[in-house]
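> Got a sequence here, can you model it:
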Amino acid sequence: MDVRVVNAQDLRGLFKAPRVFAAAMQIGRSPLHWAASNGHVDVVERLCEAQANVSSVDSEKNTPLLLASMNGRVSVIRALIKHKADVSQTHETKWNILHQAAASGQIDVIQLAVQELKMELTLTDSALHSPLHVAVLRQVLMLESNQQNKHNKKN
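I've put the predicted structure just below:
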């Protein structure tokens, strides 16, 4: 299918937030990146059927799969994998979908990656952090932030 014939109604989500979409385009994000990040599985399916590049990277080396992982979009992840997205692809700091999910607290994505995709929790990024390290660091930072907020409310 030619991308020019994708039904405009299927792409309605792209036009609900034109400023956000325009900003995404400025950092090299394609319509597939945007749809994946925002959970528009129907749009992702149509773009993939139209031969959109599921491995394309933005200026930060994020793929649509990495963005979907960061935002907990399990149905989008499944659709991208169905269309041959590479689950081992990483961005510039060597974060994979497990790192992304751990950093943003996306438990459903972590379960999918570990249980169904058989990804290892011990894979490390460029700083030698595993997804487990990232998850623990996220929790520590959240606790510190909560304590600081409580302290500020008392004063």
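
> could you say which helix or strand contains residue 75?
Assigned by DSSP states H and E, residue 75 belongs to helix 74-82.

> Equivalent analysis for residue 127, please.
With DSSP H and E as the test, residue 127 turns up in no helix or strand.

> Pass me the low-pLDDT residue ranges in this protein, would you?
For the chain, applying pLDDT under 70 flags the ranges 1-27, 146, 149, 151, 155.

> which stretches of it form helices?
All helices of the chain, identified by DSSP state H, fall at 12-16, 18-26, 31-37, 41-49, 64-70, 74-82, 97-104, 107-111, 131-154.

> buried stuff in the last one?
In this case it means helix 131-154. For helix 131-154, the neighbour count (16 or more other Cβ atoms under 10 Å) marks 131, 133, 134, 135 as buried. The C-beta positions use only the backbone N, C-alpha and C, and glycine is treated the same way.

> neighbouring contacts of that helix?
Residues from elsewhere that reach helix 131-154 (Cβ atoms under 8 Å, 6 or more residues apart in numbering): 95-96, 98-99, 101-105, 110, 121-123, 125, 129.

> 10 Å - rerun?
95-105, 107, 110, 113-114, 119-125, 127, 129-130 (Cβ atoms under 10 Å, 6 or more residues apart in numbering).

> Tell me the buried residues within the residues you listed.
95-103, 110, 113, 119, 123, 125, 129-130.

> Tell me the one of these nearest residue 63?
The closest of the buried ones among the contacts of helix 131-154 to residue 63 turns out to be residue 97 (Cβ to Cβ; 9.1 Å).

> What's the separation between the residue nearest to that closest one when sequence neighbours are not counted and residue 152?
Of all residues not flanking residue 97 in the chain, residue 69 sits nearest, at 3.9 Å (Cβ to Cβ, 6 or more residues apart in numbering). Using Cβ to Cβ, to the nearest Å, residue 69 is found at 33 Å from residue 152.

> give the contact list for the residue most central in space within the chain.
For the chain, the residue nearest the mean C-alpha position is residue 67 (1.8 Å; Cα atoms, centre = their mean). If you count contacts by Cβ under 10 Å, 6+ apart, residue 67 has them with 24, 29, 32-38, 58, 60, 73, 76, 80, 91, 97, 100.

> ChimeraX command to pick out the buried ones of those?
Per 16+ other Cβ under 10 Å, the buried members of these correspond to this ChimeraX selection:
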select :24,29,32,33,34,35,36,37,38,58,73,76,80,91,97,100
